[in-house]
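Enquirer: pasting the sequence and the predicted model now:
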There are 2 protein chains.
Amino acid sequence: MPRFRMTVEYEGTGFVGWQRQANGPSVQEAVEAAIAAVTGEHPAVVGAGRTDAGVHARGMVAHVDLATGRFDGRTLCRAVNFHLRPAPVALVTAGIVDPGFHARFSALGRRYLYRILNRPAPPTLDRNRVWHVPVPLDAEAMAEAAAVLVGRHDFTSFRAAGCQAASPCRTLDRLEVCRAGDEVRVTAEARSFLHRQVRTMVGSLRLVGDGRWQCDDLAAALRARDRSAAGPTAPAAGLCFEAALYADGW
Amino acid sequence: MPRFRMTVEYEGTGFVGWQRQANGPSVQEAVEAAIAAVTGEHPAVVGAGRTDAGVHARGMVAHVDLATGRFDGRTLCRAVNFHLRPAPVALVTAGIVDPGFHARFSALGRRYLYRILNRPAPPTLDRNRVWHVPVPLDAEAMAEAAAVLVGRHDFTSFRAAGCQAASPCRTLDRLEVCRAGDEVRVTAEARSFLHRQVRTMVGSLRLVGDGRWQCDDLAAALRARDRSAAGPTAPAAGLCFEAALYADGW
C-alpha cells in the first residue's frame, strides 16, 4: 500500500484550521474529500502540524496511504487539485515515499512566517494575509529582543490556555525579525511549538517594537511562566506555515 | 486651493478599472466618494494612469484639489481610508504638493509588475494576483527575448484594438524577466504604455517561455505592426501598477 508525501498550500481564512473539527470546514477534510473523489478510498490524511483557524500554509506536509496503484504523484496532484476547486487549497507536490515516513513524527522542524503590515494605511492586496499595526515598529529592537527567546525554555508564558502538550518546554531554534519595506517579518523555527506559541511571541515582540517593552521585559515574561505575563496573541491572519523539515533521507 | 498628491493601493478584482465608467464600480469613483464624505467637496481625482478591470496597484499616484484647509496629508489619509472601507482601496500617503504638479502629465515613467505563477498546482494564497501557467517556462529565454522590445518602436502589434493613443510609438525603457521560486516576474517601465501593451508583451513572452517561439519570432511580431502577429493578451489578474515616476523636484 503506497504512502504518498504531499505538500499542501492553503489560504486559511475560511477554514476552522488544518484539523478536522465539528464546527466548520477544515483543510484536512477538504483534502480527504478530494482524495476520496479521485480514488474511491477514504484514508486519513496526516499533517505535519495543526494550524488554527485563519492561519495559512505554503508548505504544509502531509502523508496518505492509498491502496490503488493507478497514480503517480503528478497524476494524483492534478486530479486532487481538480476536485479541491474552488476551495483555496492545492497540492503543490505529491510523490511516493518510504512507508516509514510519517508527516508528523518524522518532522525535525517546523518553520512559520509571521507578516506584520506596519504603516498607517490598512491592507488592500494583503488583506487577510497580514497583521495591520499602524504605529511605527522598531524592527531592530524586536530582532534584538527575539534572541532572548531562542534556545530551550519553559514557554508556559507563551502557551494558549487550551494547549494539550505534556511539557511546556521547547527548543526554539530560530526567531528572526527583519523589515522589508512596510512589512516586519518574523521567522520562527523549532522542532515543535506549543499551541499559539508563535502568535504569542509575535504579540509580545510587538510591545518591544512600539516601545512599551524593553528586552528585559520580554525576558521577565519568559521567566514568569505565566500566560498573563506575555503580550496578547497576534491575529491568525498574519501567520503562515512555511515548511516542515525532515532528515535528508526523506 | 491646496493640491494633494496621493499614493493609492488597490486590489482590482472587483473593479471595472481605475477610471470611472458606467458599467460598474471604479477605483477613481471609490476614492472620490470617500473624499466627498470627508470634505463635503466633490473634486475630480486625477490618476497617473488608467488600469483595466482586475488590474491591481501598489503605487498608483493621483492628485486632487481641496478648498478646505482643515487637513494635513496624514489626517486626510486616515479619514479617507476610514470611508473607503470595506473596499480594498487605501491611500498609503497623501501630502500637499506644488499646484504645478499633475499626476498624469508630470509623470516621467510608469512601472508595472506582472506575476506568473509557474507550477502545475493552481494558486491559493495568490489567487487573483497571478497568471497561472502550469507548463514550465524558461525564464532565461524570456529575459533574452524581452531585450528585443526595449527601446523606441512602433508597438502596433502589442496594442489593443480599442487603443486611443495618437501614435503607436513608445519608448520601452525596461522589460526584465526573472524567476523567484515558482514565480516568473516581468517588470516593465516606460514613460507611457499603449492600451494592454504590458499584458500583450507578457502574453508573447510566454510563447518564448514555453518554447513555441524563439527570440526571432518576437522580433518578427514587433516588425509586423499587426496585433494578430503578437501573442494573446495575458490575464489582468497578474498585473500590478507598481509606481509612477516623477522628477526629483516633486
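Expert: Okay, I see it. Numbering: from 1, shown residues only, chains lettered A, B, ... in the order given.
Enquirer: contacts, neighbours, all on C-alpha from now
Expert: OK.
Enquirer: how about the residues of chain A by chain B?
Expert: Proximity of chain A to chain B (CA under 8 Å from any CA of the partner chain) is limited to residues A:9-11, A:56, A:77-78, A:81, A:88-92, A:119-125.
Enquirer: bridged to residue A:187, which residues?
Expert: Judged by DSSP bridges, the bridge partners of residue A:187 are residue A:113, residue A:176.
Enquirer: was I right to think it contacts residue A:112?
Expert: Yes: the criterion here is CA atoms under 8 Å, and residue A:187 meets it with residue A:112 at 5.8 Å.
Enquirer: neighbour-wise, which of those two wins?
Expert: residue A:112 (22 against 19; other CA atoms under 10 Å in any protein chain shown).
Enquirer: now that one. Nearest residue, chain neighbours left out?
Expert: In space, and not counting its chain neighbours, residue A:112 is closest to residue A:241: 4.6 Å by CA to CA, 6 or more residues apart in numbering or on different chains.
Enquirer: point out where chain A drops to low pLDDT.
Expert: For chain A, no stretch is flagged by pLDDT under 70.
Enquirer: tell me where it has strands.
Expert: Secondary structure of chain A (DSSP state E): strands located at A:3-10, A:46-47, A:56-65, A:89-97, A:109-117, A:131-132, A:151-154, A:169-180, A:183-190, A:239-245.
Enquirer: the second one packs against which elements?
Expert: So that's strand A:46-47. The contact analysis (3 or more CA pairs under 8 Å, 6 or more residues apart in numbering or on different chains; DSSP states H and E) places strand A:46-47 against strand A:56-65.
Enquirer: one more: the fifth one?
Expert: Where contact means 3+ CA pairs under 8 Å, 6+ apart, strand A:109-117 is packed against strand A:131-132, strand A:183-190, strand A:239-245.
Enquirer: just say which of those strands is most tucked in.
Expert: Each of the helices and strands packed on strand A:109-117 was scored by mean neighbour count; the highest is strand A:239-245, a mean of 24, by mean count of other CA atoms under 10 Å in any protein chain shown.
Enquirer: now the angle from that one to strand A:183-190?
Expert: Angle of strand A:239-245 versus strand A:183-190, following axes from the mean of the first three to the mean of the last three CA atoms, to 10 degrees, is 40 degrees.
Enquirer: wait, doesn't residue A:111 sit right on residue A:244?
Expert: Yes: the criterion here is CA under 8 Å, and residue A:111 meets it with residue A:244 at 6.4 Å.
Enquirer: burial count for residue A:104?
Expert: The number of residues near residue A:104, taken as other CA under 10 Å, comes to 19.
Enquirer: how far away is the closest residue to it other than its chain neighbours from residue A:107?
Expert: Once flanking residues are discounted, residue A:104 sits nearest to residue A:48: 4.0 Å by CA to CA, 6+ apart. Noted for residue A:48: a distance of 7 Å to residue A:107, by CA to CA, to the nearest Å.
Enquirer: next: residue A:219.
Expert: 29 Å.
Enquirer: neighbour count for those two, which is higher?
Expert: Set side by side, residue A:219 and residue A:107 show more neighbours around residue A:107, with 20 against 16, by other CA under 10 Å.
Enquirer: what sits against the closest residue to the more buried one other than its chain neighbours?
Expert: In space, and not counting its chain neighbours, residue A:107 is closest to residue A:246: 5.0 Å by CA to CA, 6+ apart. By CA atoms under 8 Å, 6 or more residues apart in numbering or on different chains, residue A:246 lies in contact with A:106, A:107, A:108, A:109.
Enquirer: may I see the ChimeraX selection of the buried members of the residues you listed?
Expert: The ChimeraX selection below is limited to those of these classed as buried (16 or more other CA atoms under 10 Å in any protein chain shown):
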select /A:107,109
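Enquirer: which one among the contacts of residue A:246 gets closest to chain B?
Expert: For the contacts of residue A:246, the residue nearest chain B by CA to the nearest CA is residue A:109; the value is 21.5 Å.
Enquirer: ok, what's across the strand from that closest one?
Expert: Applying DSSP bridges, one finds that residue A:109 bridges with residue A:245.
Enquirer: residue contacts, residue A:243?
Expert: Taking CA under 8 Å, 6+ apart, one finds A:58, A:59, A:60, A:61, A:110, A:111, A:112 in contact with residue A:243.
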